[in-house]
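Visitor: What follows is a predicted protein model with its sequence.
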Amino acid sequence: MAEPKNLQPDLSFVKGVMEAGGDTVNKCYQCATCSVVCPLSTPESPFPRKEMLWTQWGLADKVSGDVDVWLCHQCGDCTKYCPRDARPGDVLAAIRINAIKYYAWPRALADVFQKPGTVVGAVVAAMVLVMVVAALWSQYTGHDFPFPLNEHGKVEYHEFLSVIPIDGMVIPIVAFIVFAAYKGVVNFWKDISKGSGFPKSYSGTYPVPPMGILATQYVWPAILEILNHSRFQKCGQTAQRAQGHKLLLWSFIILFFVTNFVFIAEDLFHAALGIIPKVTPMPQWHPVKLLANVGAIMFIAGIFMIKSVRDQKSQEGVLKSAAPDWILIWLIFSVGATGLASEVLRLVNIKEIAYSVYVFHLGTVIVMFLSLPYSKFAHLIYRTTAYVFQRWSDDVKAGKAGFGLEKPVGSNH
Ligand code: SF4
Ligand code: SF4
């Protein structure tokens, strides 16, 4: 007879979940009401009852390899109906905070984005970096530092930092973020494949659909679903949160387009290739400038909506907010508010305040982007991966897709 297996609870994982807002987890007595009322759970793979049990038992491996954790939108329906006030919606949110830390590379950076004090420290450090780069740039260009004016005596941020030093700071940061996110996704995919009982491929790695199929049949439909927030809108108690999230997401897309337009037109076609005249600063009526302003307004409106619904739902007891929730909200708000303030201050030409706010703006932008794989922002990465995996896994289970694990021709193994 096989020896019974001893479970080794990971108590540091339980402590981490409890500290991140899941302190009610031990109240759960497994009645499964939560899994029944959850509008996003499926009969084939119900949640969040099993996640409550696995967390009580300290099964960190099981929980980190559980794709369902990422299919929850913290709508709070389960929390409202839980007879033990175990707040399963908040426990799953706390598990996600810990999962982001678990997959973070390097892990120490994730700790920075868990506490308001260290995030403020990161913004100050980014502002110092901006000032140092601007000072060096002024030595090179001969512009005044720190309050340069253009030939018309006006504030112009490009006199302070033009595209070359900004790209010099941003491109390495973006490359670092992409690499960190890639590492996190690869490890997450490995764990959820293992958690779903998928076999390893011939080379010892977990299978991934062929790139073309992955992109067209799984990634693209998952992105469309996220853009539409269709799953989020099924939530009962906090469905209004979806509107703010949607507005914010679309504002990011608009601002991403505008930033890339400027990058390609100014940096590539003007500065590098010299085939078009300078495009910045743009006049207020320029379509790209108008689009940027619309994006900025949507950005701020979205964050206000998210904050007000979160405040209201917290007061009603439907959801609880942890420090990482507020850190991201305030960080995004700071980026939007300082961006708009920089533009207004440039127009009214108060150089001391304009440049100070502009440096603050660049500091918050750098920290917001750097936070992508480490803060609650990482939901964008892991939730999208979970949606993709769920679609593929459903097709595999329905026999519509395979693992592609055939032995290579000529192999002796
Ligand atoms: S979290 Fe609440 S509703 Fe869900 S199984 Fe536990 S006690 Fe029941
Ligand atoms: S918070 Fe909402 S989506 Fe998440 S488990 Fe509870 S009912 Fe389901």
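Guide: Looks like it arrived, so ask away. Ligands and ions are numbered 1, 2, ... in the order given.

Visitor: tell me the average confidence for the helix or strand where Gly302 lies?
Guide: Using DSSP states H and E, Gly302 maps to helix 287-316. Helix 287-316 comes out with an average pLDDT of 88.

Visitor: And whichever helix or strand comes after it, what does it pack against?
Guide: Downstream of helix 287-316, the next assigned helix or strand under DSSP H and E is helix 323-348. Judged by 3 or more C-beta pairs under 8 Å, 6 or more residues apart in numbering; DSSP states H and E, helix 323-348 is in contact with helix 116-141, helix 287-316, helix 351-370. Glycine gets a C-beta too; all of them are placed from N, C-alpha and C.

Visitor: mind listing what's buried in the first one?
Guide: Residues 119, 122-123, 126-127, 130-131, 133-134, 137-138 are the ones in helix 116-141 that count as buried (16 or more other C-beta atoms under 10 Å).

Visitor: quick revisit: so which of the helices and strands packed on helix 323-348 gets nearest ligand 1?
Guide: Minimum separation from ligand 1 across the helices and strands packed on helix 323-348 (C-beta to the nearest ligand atom) falls at helix 287-316, 18.0 Å.

Visitor: List the contacts of Ile223.
Guide: By C-beta atoms under 8 Å, 6 or more residues apart in numbering, the contact set of Ile223 is Thr384.

Visitor: Glu316: neighbour count?
Guide: For Glu316, the number of neighbouring residues by other C-beta atoms under 10 Å comes to 12.

Visitor: With Asp394 instead?
Guide: As a burial measure, Asp394 scores 14 neighbours (other C-beta under 10 Å).

Visitor: What strand or helix carries it?
Guide: helix 379-397.

Visitor: one step back: redo the buried residues of helix 116-141 as a markdown table? Include pLDDT.
Guide: Putting the buried residues of helix 116-141 into a markdown table (pLDDT from 0 to 100) gives the following:
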| residue | pLDDT |
| --- | --- |
| Val119 | 96 |
| Ala122 | 97 |
| Val123 | 97 |
| Ala126 | 96 |
| Met127 | 96 |
| Val130 | 94 |
| Met131 | 94 |
| Val133 | 92 |
| Ala134 | 91 |
| Trp137 | 89 |
| Ser138 | 89 |
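
Visitor: circling back to that earlier point, what's the closest of the helices and strands packed on helix 323-348 to ligand 2?
Guide: helix 287-316 (11.1 Å).

Visitor: Would you mind listing what in the stretch 1-150 of the chain touches ligand 1?
Guide: 28-34, 49, 52, 82, 84, 86, 88 (C-beta under 6 Å from any ligand atom).

Visitor: filter those residues by proximity to ligand 2?
Guide: Pro88.

Visitor: Let's test this: mean pLDDT of the longest helix along the chain, rounded?
Guide: Of all the segments of type helix in the chain, defined by DSSP state H, the longest one is helix 163-195. Averaging pLDDT along helix 163-195 yields 91.

Visitor: Which elements pack onto that helix?
Guide: helix 60-64, helix 88-103, helix 116-141, helix 351-370, helix 379-397.

Visitor: In the first one, which of the residues would be classed as buried?
Guide: Along helix 60-64, the positions that meet the burial threshold by neighbour count (16+ other C-beta under 10 Å) are 60, 62-64.

Visitor: In contact with the residue of the stretch 251-400 of the chain found nearest ligand 2, which residues?
Guide: Residue nearest to ligand 2 within the stretch 251-400 of the chain (C-beta to the nearest ligand atom): Leu319, separated by 7.7 Å. Going by C-beta under 8 Å, 6+ apart, Leu319 touches 74, 76, 79, 89-90, 93, 237-238, 310, 313.

Visitor: could I have stretch 219-229 exported to CSV, CA atoms only?
Guide: The C-alpha trace of stretch 219-229 is given here as CSV (Å, rounded to 0.1, in the frame of the first residue of the first chain):
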residue,chain,number,x,y,z
VAL,A,219,-4.2,35.9,-28.0
TRP,A,220,-6.2,38.1,-30.4
PRO,A,221,-9.7,36.9,-29.1
ALA,A,222,-8.4,37.3,-25.5
ILE,A,223,-7.3,40.9,-26.3
LEU,A,224,-10.7,41.7,-27.8
GLU,A,225,-12.4,40.3,-24.8
ILE,A,226,-10.2,42.5,-22.5
LEU,A,227,-10.8,45.6,-24.7
ASN,A,228,-14.5,45.0,-24.4
HIS,A,229,-14.3,44.0,-20.7
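
Visitor: Is there proximity between that stretch and ligand 2?
Guide: No: judged by C-beta under 6 Å from any ligand atom, stretch 219-229 stays clear of ligand 2, getting no closer than 13.3 Å.

Visitor: Verify the contact between Lys278 and Glu266 for me.
Guide: Yes: here Lys278 lies in contact with Glu266, judged by C-beta atoms under 8 Å, at a distance of 7.0 Å.

Visitor: Please parse the chain into its domains.
Guide: Domain assignment for the chain, taken from automatic domain parsing, gives 11-103, 107-397.

Visitor: Tabulate these in CSV, adding columns for distance to Phe403.
Guide: Below are the domains of the chain laid out as CSV (distance: least, C-beta to C-beta, whole Å):
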stretch, distance to Phe403
domain 11-103, 16
domain 107-397, 4
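
Visitor: Please report which of the residues of the stretch 1-150 of the chain next to ligand 1 has the highest neighbour count.
Guide: For those, the largest number of neighbours (other C-beta under 10 Å) sits with Pro88, at 32 neighbours.

Visitor: quick one: contacts for it?
Guide: 28, 34, 48-49, 51-52, 78-79, 82.

Visitor: got the residues of the protein near ligand 2?
Guide: Near ligand 2, when you scan the chain using C-beta under 6 Å from any ligand atom, you find 38, 40-41, 47-48, 72-78, 88-89, 92, 235.

Visitor: These in strands, which ones?
Guide: Among the residues of the chain next to ligand 2, no member falls in strands (DSSP state E).

Visitor: of those residues, closest to ligand 1?
Guide: Within these, proximity to ligand 1 (C-beta to the nearest ligand atom) peaks at Pro88, which comes in at 4.0 Å.
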